[in-house]
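A.B. asks: Quick one, fold the following:
(one chain, ligands or ions: 3)
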Amino acid sequence: MAPTTVLLSDFSDVTDFVVNQGNGVKGLSEMGLKALPKQYIQPLEERFSEKKIVPHESIPIIDMSKWDDPEVAKSICDAAEMWGFFQVVNHRVPLQVLDRVKAATHRFFGLSAAEKNKYSKELSPSNNVRFGTSFNTQAEKALEWKDYLSLFYVSDDEASALWPPACKDEVLEYTKSSEVLIKQLLKVLMKGLKVEGTDEAKEALLMGSVRTNLNYYPICPNPELTVGVGRHSDVSTLTILLQDDIGGLYVRGNDGESWIHVPPISGSLVINIGDALQIMSNANGSSNRISVPIFINPRPQDTIGPFPEVLASGEKPVYKQVLYKDYVKHFFRKAHDGKKTVDFAKLSIF
Ligand SMILES: COc1cc(/C=C/C(=O)SCCNC(=O)CCNC(=O)[C@H](O)C(C)(C)COP(=O)(O)OP(=O)(O)OC[C@H]2O[C@@H](n3cnc4c(N)ncnc43)[C@H](O)[C@@H]2OP(=O)(O)O)ccc1O
Ligand SMILES: O=C(O)CCC(=O)C(=O)O
Ligand SMILES: [Fe+2]
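C.D. replies: Ligands and ions are numbered 1, 2, ... in the order given. So this is what the prediction gives:
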């Protein structure tokens, strides 16, 4: 459809158009706006500054073709500890599956606003399926330039009945095809933490629930004034990010000030250690992290806290035991605020 030029003054309320009517920022972008609406202008400290990018730094790129090789395991554990982020290639998730889920994402966001809005918080037939924009429009002082569809997996039957037909098969295929990689990564990471043996209870704690988000960042008239997604770390155990070839993902450097670009590498997946694993591994990290789509999590009803094995040597617990659902609710109820979500689980002496 050809873009219509609409003056911003024609809008009585940008938020109503974007949020309530389900047009999203995609709807705004397609109007051919010449300037960013004021609702999206981020305060200076939240904007991304090119000056803070470290040009020649890179997060590790790990070739997983020989994934039983102890050297590969060491690279994974070192990258998780040093960066919390790494890219994997030759990961055994078929490349056609990745292509199909990318196409399905375009197909879903290409639907009309009315069709997408059927999955909004107010109209969705289930809490497990949600179309939205920004992060938490109620709590945010400035909105973020992103639309999303969030799909929490309960069962194949539920997904088949309630997920949007435009993308459900491809999202299911993508999440299921990633399972073998996820299990391998968790096995290696647990061994690195000296948490041996994966019984059913431990497996549920690490990967008992799966949420897949499809994020859409349309062209923005003034990208320098806003953000697609603000500074945050994921509340997952692990996040598997599939990004397209546009780029734009940055990871906090270990100095807590600089940013490192994560260049798109065709066929690669970005792996990001989330807060839940940080809490269970008792790591007192202070750098921010950014990542994407398949969030591997404990189950909502699980209580998370440092694994007994990591405290066995006398290491003092940094985190208390928290109900995972409470932790996630805490994350979703506030605007993005860097790495502060984890403070919710910290023992008061830290
Ligand atoms: C959207 O932009 C994002 C997203 C992210 C995501 C990063 C992650 O790491 S997602 C992985 C989180 N883990 C899980 O989902 C697994 C565990 N799940 C749960 O514990 C529950 O499913 C639940 C998420 C807590 C929802 O349980 P429910 O009983 O339905 O609780 P509610 O009271 O309805 O919701 C609580 C609160 O959260 C808001 N919310 C719920 N789902 C979502 C969602 N998918 N996206 C955004 N917000 C959501 C909901 O509106 C409630 O808030 P109220 O203010 O309405 O009370 C990273 C970066 C991004 O930019
Ligand atoms: O799209 C990106 O590059 C980052 C998105 C992200 O961090 C998230 O959805 O949790
Ligand atoms: Fe993220």
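
A.B. asks: Quick check on the residue in the stretch 51-200 of the chain positioned nearest to ligand 3: phi, psi?
C.D. replies: Minimum separation of the stretch 51-200 of the chain from ligand 3 (CB to the ion) falls at Phe135, amounting to 10.1 Å. (Each C-beta comes from the backbone N, C-alpha and C, glycine too.) With angles defined as degrees, to the nearest 10, Phe135 sits at phi -120, psi -60.

A.B. asks: Need the distance between the two termini of stretch 14-22.
C.D. replies: 11 Å (CA to CA, to the nearest Å).

A.B. asks: can you list the weak-confidence ranges in this structure?
C.D. replies: 1-12, 277, 279-293, 349-350 (pLDDT under 70).

A.B. asks: Helix or strand: which one has the residue in the stretch 1-150 of the chain that ligand 2 sits nearest to?
C.D. replies: Closest contact between the stretch 1-150 of the chain and ligand 2, by CB to the nearest ligand atom, is at Tyr148 (7.1 Å). If you go by DSSP states H and E, Tyr148 is part of strand 147-152.

A.B. asks: Just the residues contacting that strand, thanks.
C.D. replies: The contact list for strand 147-152 (CB atoms under 8 Å, 6 or more residues apart in numbering) reads 24-26, 108-109, 116, 119, 127-133, 159, 163-164, 167-168, 171, 209-216, 218.

A.B. asks: List the buried residues in it.
C.D. replies: Within strand 147-152, the residues scored as buried using 16 or more other CB atoms under 10 Å are Asp147, Tyr148, Leu149, Ser150, Leu151, Phe152.

A.B. asks: now the next helix or strand after it: how far from the chain's centre is it?
C.D. replies: Using DSSP H and E, the helix or strand that follows strand 147-152 towards the C-terminus is helix 156-162. How far helix 156-162 lies from its chain's middle: 23 Å, per CA atoms, centre = their mean, to the nearest Å.

A.B. asks: Then stretch 333-344?
C.D. replies: That offset, for stretch 333-344, works out to 14 Å (CA atoms, centre = their mean).

A.B. asks: at contact distance from ligand 2, anything in it?
C.D. replies: No. Judged by CB under 6 Å from any ligand atom, stretch 333-344 makes no contact with ligand 2; its nearest approach is 9.4 Å.

A.B. asks: do that stretch and ligand 3 meet?
C.D. replies: No. Using CB under 5 Å from the ion, stretch 333-344 stays clear of ligand 3, coming no nearer than 9.2 Å.

A.B. asks: For the stretch 251-350 of the chain, which segments count as strands?
C.D. replies: Along the stretch 251-350 of the chain, counting by DSSP state E, counting those that start in this stretch, strands occupy 259-261, 269-273, 294-297, 303-304, 322-323.
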